[in-house]
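Engineer: based on what follows, work out the 3D shape:
(one chain, ligands or ions: 1)
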Amino acid sequence: MSPLSADDLPLLLNTVNEVRAWTAEAKRRGERIGFVPTMGALHEGHLSLVRASRAQCDRTVVSIYVNPSQFAPHEDFGRYPRTLESDLRQLADVAEAVFVPNDAEIYPPGFATWVEPFGPAEPLEGERRPGHFRGVATIVLKLFQIVAPDVAYFGQKDFQQLRVIEQMRDDFHLPVEIRRCPIVREPDGLAMSSRNRYLSAEGRRSATVLFRALETAAHLVSQGERSAAAIEAAVRAVLLSAAGAEIDYAALVDPLHLRPVERIVAPTLCALAVRIENTRLIDNMLLEPPN
Ligand code: AMP
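Structural biologist: As a prediction, this is how the structure comes out:
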């Protein structure tokens, strides 16, 4: 790899004060700020958000922070991939600034205030990962307060997270526009994820089953099937056909509250969480019944 020159790289900001100063300067110039929060280990999914921001805003800030408070004690916080140098390389020419705080900057001693989301945060991931969305909502609110973006970009890969953040934006009157970005997939349909790198070659092959299950659901809806139970049964059968796949949930839910539906009479989210080789993969697809 060729060495990077400082000219190509985005400006690296490590402290809240540095970000505030950078934002204030941009606002003085009347620039619109786009913001993409991430946990790093960047891939095309993340970069699609950054490009959307670049196309729609004057300045783009990306944050890279593996937020400890959204991981439960038994989860993969310790082994979550950290690839800062390669991340910065990928952001060259697409982002103007990257905020990479350390834990002391975000959670200084004495930190004592949390955002506790309800509503769309309760089912699905909320039931299986207690405390997860509290960690997510808290860090996102903090980042919004620090960066003060005009627009923030989130992927539909984490559909429930998007709903939690939209709800928080509404409930707290946050002056930020939230943009939903489509899921970026590998050529074989697997949704890109920093966690895909945990998979062995065999696990990687099995992982394509999530997309196949979602396509099965979409196909059934296009053929006129309206029973959520029938679609869910077909989805589960496809998922269980893959070696080593364990279903955490496979659910048909309304895309606002993430609560189960019985009939597919309006756009419905098919949401999956599946464990393969102990790696928990999530994916989803919006099923739209033809009129
Ligand atoms: P993460 O680094 O996993 O916290 O993700 C940061 C942002 O990137 C979130 O808004 C994710 O929804 C989004 N993202 C992750 N993977 C994808 C993907 N495959 N397609 C679109 N957006 C994604």
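
Engineer: the helices in this protein, which residues?
Structural biologist: Counting by DSSP state H, the chain has helices at residues 16-28, 44-56, 84-91, 103-106, 125-128, 132-147, 159-171, 201-206, 209-222, 228-240.

Engineer: mean neighbour count, mean pLDDT and distance to the ligand added to the ones you listed, as CSV?
Structural biologist: For glycine as for every other residue, the C-beta is placed from the backbone atoms N, C-alpha and C. Below are those laid out as CSV (neighbours: other C-beta atoms under 10 Å; pLDDT from 0 to 100; distance: least, C-beta to the nearest ligand atom, whole Å):
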stretch, mean neighbour count, mean pLDDT, distance to the ligand
helix 16-28, 15, 98, 18
helix 44-56, 19, 98, 2
helix 84-91, 17, 97, 10
helix 103-106, 14, 98, 15
helix 125-128, 16, 98, 12
helix 132-147, 21, 98, 9
helix 159-171, 20, 99, 6
helix 201-206, 15, 97, 15
helix 209-222, 19, 98, 11
helix 228-240, 17, 98, 19
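
Engineer: surely Tyr107 meets Ser69?
Structural biologist: Yes: the pair Tyr107 / Ser69 is scored as a contact, 7.2 Å apart, by C-beta atoms under 8 Å.

Engineer: check contacts around the spatially closest residue to Arg20 that is not a sequence neighbour.
Structural biologist: Among residues not flanking Arg20 along the chain, Ile146 sits closest, at 6.8 Å (C-beta to C-beta, 6 or more residues apart in numbering). By C-beta atoms under 8 Å, 6 or more residues apart in numbering, the residues touching Ile146 are Val16, Val19, Arg20, Phe99.

Engineer: turn those into TSV, including distance to Ala55.
Structural biologist: Below are the contacts of Ile146 laid out as TSV (distance: C-beta to C-beta, whole Å):
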residue	distance to Ala55
Val16	28
Val19	22
Arg20	25
Phe99	21
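
Engineer: farthest pair in the residues you listed?
Structural biologist: Using C-beta to C-beta, these span at most 10.6 Å, a distance reached by Arg20 and Phe99.

Engineer: so the closest residue to the ligand within the stretch 151-291 of the chain bridges to which residues?
Structural biologist: The ligand sits closest to Gly155 of the stretch 151-291 of the chain, with a gap of 2.1 Å, by C-beta to the nearest ligand atom. Gly155 has these beta-bridge partners by DSSP bridges: Cys181.

Engineer: how near is it to Glu225?
Structural biologist: Distance, Gly155 to Glu225, by C-beta to C-beta, to the nearest Å: 28 Å.

Engineer: also Leu199?
Structural biologist: From Leu199 across to Glu225, the span is 31 Å (C-beta to C-beta).

Engineer: who's more crowded, these two?
Structural biologist: Using other C-beta atoms under 10 Å, the more surrounded residue of Leu199 and Glu225 is Leu199, with 19 against 16.

Engineer: so the more buried one makes contact with Asn278?
Structural biologist: No: Leu199 is beyond contact range of Asn278, at 9.8 Å (criterion: C-beta under 8 Å).

Engineer: next up, the contacts around the residue positioned nearest the centre of the chain.
Structural biologist: Centroid-nearest residue in the chain: Asp158, 4.1 Å away (criterion: C-alpha atoms, centre = their mean). Contact partners of Asp158, counting by C-beta under 8 Å, 6+ apart, are Ile282.
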